[in-house]
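A.B. asks: Let's see this in three dimensions:
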Amino acid sequence: MTANVVGEPIVKYRPDIDGLRAVAVLLVLAYHVGIYRLRGGFVGVDVFFVISGYLISSIILSDLDSSRFSIVTFYERRVRRIFPALFVMLISTAVLAYKFLLPSEFVDFGKSFVASTFSFSNLYFLQRSGYFDAPAAMKPLLHTWSLAVEEQFYVFLPLFLVCIRKFFPNKQRIIIVFAALTSFSVSAVGAFRSHDATFYLAHTRAWELLLGTLLAMNCFPAISGTLWRNVASLWGVVSILLAGFLFTSRTVFPGASALLPCVGAALIIAAGKSGKTVVGRILSFRPIVFVGMISYSLYLWHWPLIVFQGADGLLTKGLSPKLTKLVVIVVSFALATLSWRFVERPFRDRRFDISRANVFRLASAVAVLLLILGTGIVFTNGFPSRYPEEAVKIASFLDNTDAKTDAQYRAGTCFLTSKDTFKDFNPSVCLQESNRMRNVLLIGDSHAAQLWFGLSSVFSDVNLMQATASGCKPTLDQSHSVEQKCSRLMKYIFSDYLKTHHVDTLIVAARWDHDDIEALPKTLRWVQSLGTEVVLFGPIVQYDSALPRLLAMSIRSNDATIPALHRVAYYERLDADMSKLAQADPGVRYISYFKILCRQSACLEYAGAGVPLQSDYGHLTSGGSVLVATKIRETGGLN
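C.D. replies: Now for the predicted structure:
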């Protein structure tokens, strides 16, 4: 998200590019605050990548052409541009994290704090992208993954271009094109095979930045003529906005889908290189340009504010969701403006008389101090003395990465996580039939897998089999599935296993939403046509934050109403709609979590003394799974 500024090499300033950065950051901001119609606002990051690739490459190529390129000078500019505002945000966020985060959350924050300081947070969050990791809403530095990708690009791009210029001067364009196409191909395949890695890693994002490099190298024909420039720039805006409005979390991304916003950004940049356009004039309006100028600081500050507002009402309490979003946006702009005016500009424009050597010394010293602070957070286990002992015990259930949790779900064998492939599924273990007991097959995503421990413990007279995968809806139609392991697993169950093996009862469970209701009746009827009974689980009670966190906060504040205030009403409405769907089919038995866990406006929050019912926003603890299974047995739900 860098730009040409005072003190950098002479590259023609283009206000329309600042305007394009405004579009990008506003898309990201809208997506993060939860403006429903812009569910694809995450593509703003991809627009940033193209812009950054173009601007940085233009600077490097300009210096190389004039024989005045210096790798040390280049890195000095990046340090002045990036680190002051980043360090201020990191320190401020650490103060808020100390106040608002639970011990286990604070430990994770400390690790991400170090990763963000040294520009490898994309690698850290990739490692933490397992299905049972804490929700994104409790990761105040999650947004720094894209900064890490850019900074890694800044480290290698100048070296790459210098080497090409020196050893292959006549093949520069061919080599860059080859590198971009290779990166794109890996990204396109990886989006299906390894979604998390493709999302976070620099080499699968490199083609987006290299697209900007190709623009800077004039590898594409110039867009001549006023008409064609306007058509190209207009289509560029339309492409970006289409992605913002039409893409969702289910879109296979980045991969080929990222072409839409990236090519859109490239068209706007390319059209503006050839001359003026209507789109360029609009993007050059001073208010839009100003948003582009503060876009780096706006990107830095908006996400921590969103996280801490959700954690404990940092900015507002008791306001409606719409007003809360408005307050978050306004405060984000205010902090971004202050950061740009008093942190970014003074360092970037060299208003402080700091020599190059001292710039590196100062940056290194601050980085070391932040390293000490981050490791201190980790080694003190998140300063647990900040909370009552009972709250700390409850908060410990947020950590779901241990072997006990894997055993509860049978992760890596009968429940395929984001790190597994279809080959890891073991039919001989997961689908072992019995000649003595009723064979019951449990299919779906993690909201199905969470039932296995309780059902297998309580229903000892049933042979419970399991075929589950993270994010996997158990329906015949798998066109919506992002993960290949899901589509292959469901194809195996529906097209092979159920046709050739007798299953007495099929349990169907998932983290449903209203979009799934249309596909369910066809699936349920098809299963019944095989002579198999169907038990359909509705949506579980869910919260907008992890239940152990809410319970710990209620203990600290001595306010037992906190969890109920954070319960998501959407899923109770969805439960009623799914119940009606099941009632229309007498062959389907429907199990409602809301009926077995809730009475009037109160829902069970504990599975036992000091044991929360759920470990995050909705997944059951082992005790919670047993409690649910016990209540199902009491009501004859599987008989």
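A.B. asks: number of nearby residues for residue 424?
C.D. replies: Residue 424 has 16 neighbouring residues, counting by other CB atoms under 10 Å. For the C-beta atoms, the positions are set from N, CA and C on the backbone; glycine is no exception.
A.B. asks: Unless I'm misreading it, it sits right up against residue 414, doesn't it?
C.D. replies: No: counting by CB atoms under 8 Å, residue 414 is not a contact partner of residue 424; they are 9.6 Å apart.
A.B. asks: how far does the strand or helix carrying residue 229 sit from the chain's center?
C.D. replies: For residue 229, the enclosing helix or strand under DSSP states H and E is helix 226-246. Centroid displacement of helix 226-246 relative to its chain, using CA atoms, centre = their mean, to the nearest Å, is 26 Å.
A.B. asks: For the following helix or strand past that helix, C-alpha coordinates in CSV please.
C.D. replies: On the C-terminal side of helix 226-246, the closest following helix or strand by DSSP H and E is helix 259-274. Extracted in CSV, the C-alpha atoms of helix 259-274 (Å, rounded to 0.1, in the frame of the first residue of the first chain):
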residue,chain,number,x,y,z
LEU,A,259,-8.4,-11.9,-12.0
LEU,A,260,-11.6,-9.9,-11.9
PRO,A,261,-10.4,-7.2,-9.3
CYS,A,262,-6.8,-7.4,-10.4
VAL,A,263,-7.4,-7.0,-14.1
GLY,A,264,-9.9,-4.2,-13.2
ALA,A,265,-7.2,-2.3,-11.3
ALA,A,266,-4.7,-2.9,-14.1
LEU,A,267,-7.1,-1.5,-16.7
ILE,A,268,-7.6,1.7,-14.6
ILE,A,269,-3.8,2.1,-14.2
ALA,A,270,-3.1,1.3,-17.9
ALA,A,271,-5.8,3.7,-19.2
GLY,A,272,-4.5,6.5,-17.0
LYS,A,273,-0.9,6.0,-18.3
SER,A,274,-2.1,6.9,-21.8
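A.B. asks: Show me the helices in the stretch 501-639 of the chain, by range?
C.D. replies: 520-528, 547-557, 562-565, 570-583, 593-597, 622-634 (DSSP state H, counting those that start in this stretch).
A.B. asks: Would you tell me which one of the ones you listed is buried the most?
C.D. replies: Ranked by mean neighbour count, the helices of the stretch 501-639 of the chain are led by helix 547-557 with a mean of 23 (mean count of other CB atoms under 10 Å).
A.B. asks: could you say what helices and strands it packs with?
C.D. replies: helix 389-395, helix 562-565, strand 611-612 (3 or more CB pairs under 8 Å, 6 or more residues apart in numbering; DSSP states H and E).
A.B. asks: what about stretch 222-242, distance to the chain center?
C.D. replies: Distance, centroid of stretch 222-242 to centroid of chain: 30 Å (CA atoms, centre = their mean).
A.B. asks: ok, residues contacting it?
C.D. replies: 23, 27, 43, 47, 260-261, 263-268, 270-280 (CB atoms under 8 Å, 6 or more residues apart in numbering).
A.B. asks: For that stretch, the averaged confidence score.
C.D. replies: Stretch 222-242 shows a mean pLDDT of 94 in the predicted model.
A.B. asks: quick one, strands of this protein?
C.D. replies: 415-416, 438-444, 462-469, 505-509, 533-537, 588-591, 598-599, 602-603, 606-608, 611-612 (DSSP state E).
A.B. asks: Quick check: which of those strands is buried the most?
C.D. replies: Mean neighbour counts for those (mean count of other CB under 10 Å) peak at strand 415-416, with a mean of 28.
A.B. asks: List the contacts of that one.
C.D. replies: 409, 422, 424-425, 446, 449, 452, 466, 468-470, 472, 485-486, 489.
A.B. asks: Among those residues, which pair sits farthest apart?
C.D. replies: In the contacts of strand 415-416, the most distant members under the criterion CB to CB are 422 and 452, with 18.9 Å between them.
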